[in-house]
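Novice: Generate coordinates for the sequence data below:
(2 chains)
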Amino acid sequence: MQVNQVHYSTPQFSVLSQDEREMIFKGALEVMERVGGKFYNEEAIELFKNSDALVTDDNLVKIPASMTIRALNDSPNKITLVSRDGERNLHLGRNEVYFGTGSDCPFIYCRETGERRRYTRNDVYDAARVVDSLSNVDFFMSHGLASDVPHDETYDRHQYFSMVKGTKKPLVITAVDKEGLKDIYEMQLLISGSESNFRLNPNFAVYIEPSSPLAHSNECLEKLLFCAEKSIPSIYTPCPSAGATAPASLAGMLVQTLAESLQGMVLAHLKKPGMPFIMGGVVTIMDMKTSNYCYGAPEMSLSSAALTDVSKYLDLPMFSTAGCTDARVVDEQAALEAQISIETAFLSGASLVHDVGYLDSGLNGSLEMLVLCDEIIGMVKHLGKGITVDENHLAADLIDEVGPGGNFLTTSHTRQHYKNEFYFPKLLDRHNIEAWTAQGKNTILDYVNKNLDHILDNYEPEPLPADVEKGMKEIIKRADAKAEEAKVKTKAKA
Amino acid sequence: MILKKLSQAMIEGEVEMGKELAQQGIEEGLSPQELLDDGVLAGMEVVGDRFKNYEMYIPEVLNSASVMHEVMNIIKPALVSSEGDFKMKGTVVLGTVEGDLHDIGKNLVGLMLEGAGFKVVDIGIDQPAKSFVDAVEKEKPEVLGMSALLTTTAPKITEVIESLKEANLRDSVKTMAGGAVIDQAFCDENGVDAYGSSATAAMEITQKFVEEVKNNAS
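Specialist: Residues are numbered from 1 along each chain as shown, chains lettered A, B, ... in the order given. Got it, this is the predicted structure:
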């Protein structure tokens, strides 16, 4: 019998040492004390004025380290997101990785004509169905921005409706403003039943994005404060571009990003200590040849993994980014960029990894890319299963039994293990060249399209209960009527 | 009913159930050929179809083949009291050519062919041309299969073909070859009747050749 054995089993990956993580964190605390951040919201300013923070007349707030550390101590390191029917599927915390789409892409390629066009509610519904059917995608953001709506100010209610109708998987939602978020929350409560049940079993988290460097808009703060009030899981995720809205040095970008995210956390905890907070940051570079905000850059994957290291040091759930590309169509560039980011984000151990399926630097929510990434995620998750090392798996007895020159194909050990130890691809072609030729020389994109056609033609998500659907439609109608009224009033004034 | 259950046991790879059912069938007076054709081989045909449609994978297919083997051991003695020998679908001699120890592909072909109801005589690895000739003379197979993995051993396949000609046996048997370095062009250039690109392909070729031989005879 052996003693003092250490088993890793899974791959080991990190970018930063403990000391380096602490240096990033201390750097952020320093920025929060010395530079501060701009908060363009009255309630936020009031809350800070009644705290230990320093508030100046121009909305600048400097937060002492003591407040940040207190808020960190109050932050839960476990947040659970449930499916539409209450299954507790996503346990956010260190090294529990879940993949999902991004949100609000304006464009999609029409599958019939190939033309680029605006996203519709039905496209969002289709994206939701695709995600619902894919086994390796764990949560859903809208992917596209529903543009075929009566009023731009109320698109978020329509979009949420298409999302929750198309998939039972946990959601990450966006909202136009506090009013939009309130309506969506009200719609969600038709499913959850009560606020207290939603607190225990939240079906969605809210995506909120401050403006780098170090500025927090009124819309984003009122959403964050509403989330805090109701204990809705909140993702507070800046989107800096190194060299433009953050330092070009990646460590400097991380310091600033963390400061921005933690500024939000401190405010949210002033409103409601212990509210469920998820830190984040789409940390990437500006391409200095084209000014492109890069979704496929290795710097993005490297910085995201480093920020995830810091999140683990702080024991906060982390919102990260992968499966996206700067390629304008689903091509070889798209596949290789997605592969690098998915593998890196997975190994880093981030909690929610979003933007899977983004094309065109976040402008195009592609369904084809989503199906392709599902396979990449499957392969990468298989890496994460690691290698079981024990007596049965070491298989000395079996090797002895088969002996030199024998074969393992017919042993029960093979039948017992291969389905778990091996990955079974959905889209990858492993036929020899004769069979591949006979089947029509399919490339991976042929399989992607066949697979996607099959899903779109056949997949029926479980419908919402009729009374829930009716109730949701009434809330949407109410919001649209209000927007119409406001429009008429504005016209009358003019 | 027994025959249906027996074929189900083949499909599910249930060895004990298969053996029991075969025994029961014999006791209830079913003929060995009936048990073979409508029980064992009927089940194995389903296995083959499922394999082609990716509904079953190689280890399960081979497990069904090994169940078949066990069941055959029960059915065979019953023959002594009946017509004499089984009517198997046909006979195939398999071997890996001289200098080559790589035989997993050849073994897979053998297991698949057995599963499909053929009698397989496997002469093993590193076999000189003479062994192939001897085996063809003795077993009188419809099909001879040769395997080679290396570019250095592939020419040995040509030697086997030449030796068969010298022994006046070339026309008595259809030949097929397979292995990583073999392709259709190699087979065309070296007088091999067919190229087996995979175990499934080898099985289809064998079925086709055996069918041809039968048609020519009748």
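Novice: Would stretch B:161-179 count as contacting chain A?
Specialist: No - judged by C-beta under 8 Å from any C-beta of the partner chain, stretch B:161-179 and chain A are separated, with a smallest distance of 10.4 Å. Glycine gets a C-beta too; all of them are placed from N, C-alpha and C.
Novice: May I have the phi/psi pair for the residue nearest the centre of chain A?
Specialist: By C-alpha atoms, centre = their mean, the mean C-alpha position of chain A lies nearest to residue A:354, the distance being 2.6 Å. The phi/psi pair for residue A:354 (degrees, to the nearest 10) reads phi -110, psi 180.
Novice: before we move on, what about the one 3 residues further on?
Specialist: When read as degrees, to the nearest 10, the backbone of residue A:357 gives phi 100, psi 0.
Novice: those helices in chain B, which residues are they?
Specialist: Shown for chain B, the helices assigned by DSSP state H span residues B:2-12, B:15-27, B:32-34, B:42-52, B:58-79, B:104-115, B:129-139, B:155-166, B:184-189, B:199-217.
Novice: Just name the most buried of those helices.
Specialist: Neighbour counts (mean count of other C-beta atoms under 10 Å in any protein chain shown) averaged over each of the helices of chain B peak at helix B:104-115, with a mean of 23.
Novice: Does anything pack onto that helix? Which helices or strands?
Specialist: In terms of contacts (3 or more C-beta pairs under 8 Å, 6 or more residues apart in numbering or on different chains; DSSP states H and E), helix B:104-115 is packed against helix B:42-52, helix B:58-79, strand B:91-96, strand B:119-122, strand B:143-147, strand B:174-178, helix B:199-217.
Novice: With mean pLDDT and distance to residue A:169 as added columns, please give these in CSV.
Specialist: CSV is the format used below for those (pLDDT from 0 to 100; distance: least, C-beta to C-beta, whole Å):
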stretch, mean pLDDT, distance to residue A:169
helix B:42-52, 92, 32
helix B:58-79, 88, 32
strand B:91-96, 96, 51
strand B:119-122, 94, 50
strand B:143-147, 97, 49
strand B:174-178, 97, 46
helix B:199-217, 91, 38
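Novice: Indicate which one of these is closest to residue A:488.
Specialist: Closest of the helices and strands packed on helix B:104-115 to residue A:488 is helix B:42-52, at 65.9 Å (criterion: C-beta to C-beta).
Novice: Which other helices and strands does that closest one contact?
Specialist: Counting contacts by 3+ C-beta pairs under 8 Å, 6+ apart, helix B:42-52 packs against helix B:2-12, helix B:58-79, helix B:104-115, helix B:199-217.
Novice: list the helices and strands the shortest one packs on?
Specialist: With contacts defined as 3+ C-beta pairs under 8 Å, 6+ apart, the secondary structure elements packing on helix B:2-12 are helix B:15-27, helix B:42-52, helix B:58-79.
Novice: and if you look at the second one?
Specialist: Contact here means 3+ C-beta pairs under 8 Å, 6+ apart; on that basis helix B:58-79 packs against helix A:412-421, helix B:2-12, helix B:15-27, helix B:32-34, helix B:42-52, helix B:104-115.
Novice: what comes up buried for stretch A:275-295?
Specialist: Using 16 or more other C-beta atoms under 10 Å in any protein chain shown as the test for burial, stretch A:275-295 gives A:275-287, A:292-295.
Novice: typo on my end, it should be stretch A:357-366
Specialist: For stretch A:357-366, by 16+ other C-beta under 10 Å, it's A:357-362, A:364-366.
Novice: Now render those residues as CSV, adding distance to residue A:234.
Specialist: Shown next, in CSV, are the buried residues of stretch A:357-366 (distance: C-beta to C-beta, whole Å):
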residue, distance to residue A:234
A:357, 23
A:358, 22
A:359, 28
A:360, 28
A:361, 26
A:362, 21
A:364, 27
A:365, 23
A:366, 28
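Novice: Enumerate every residue touching the residue most central in space within chain B.
Specialist: In chain B, the centroid-proximal residue (C-alpha atoms, centre = their mean) is residue B:113; its distance is 2.9 Å. Going by C-beta atoms under 8 Å, 6 or more residues apart in numbering or on different chains, residue B:113 touches B:92, B:94, B:120, B:202-203, B:206.
Novice: Likewise for residue A:130?
Specialist: Residues in contact with residue A:130, defined by C-beta under 8 Å, 6+ apart, are A:367, A:370-371, A:452, A:455-456, A:459.
Novice: repeat for residue A:148
Specialist: Counting by C-beta under 8 Å, 6+ apart, residue A:148 has contacts A:118, A:120-122.
Novice: Now chain A against chain B: closest residue?
Specialist: Taking C-beta to the nearest C-beta as the measure, chain A has residue A:434 as its residue closest to chain B, at 3.9 Å.
Novice: Need the nearest residue in space to that residue, chain neighbours excluded.
Specialist: Spatial nearest neighbour of residue A:434, excluding adjacent residues (C-beta to C-beta, 6 or more residues apart in numbering or on different chains): residue B:197 at 3.9 Å.
Novice: Pull the contacting residues for the one you found.
Specialist: Residue B:197 touches A:432-435, B:178, B:183, counting by C-beta under 8 Å, 6+ apart.
Novice: Over to the residue of chain B most remote from its centre: give its phi and psi.
Specialist: Computed with C-alpha atoms, centre = their mean, the residue of chain B farthest from its C-alpha average is residue B:28, at 30.0 Å. Main-chain torsions, residue B:28, degrees, to the nearest 10: phi -90, psi 10.
Novice: Wait, it touches residue B:2, no?
Specialist: Yes - here residue B:28 lies in contact with residue B:2, judged by C-beta atoms under 8 Å, at a distance of 6.8 Å.
Novice: Local confidence estimate at whichever residue of chain B sits closest to chain A?
Specialist: With C-beta to the nearest C-beta, the shortest gap between chain B and chain A falls at residue B:197, namely 3.9 Å. What the model reports for residue B:197 is a pLDDT of 93.
Novice: again with residue B:86
Specialist: Looking at residue B:86, its pLDDT is 66.
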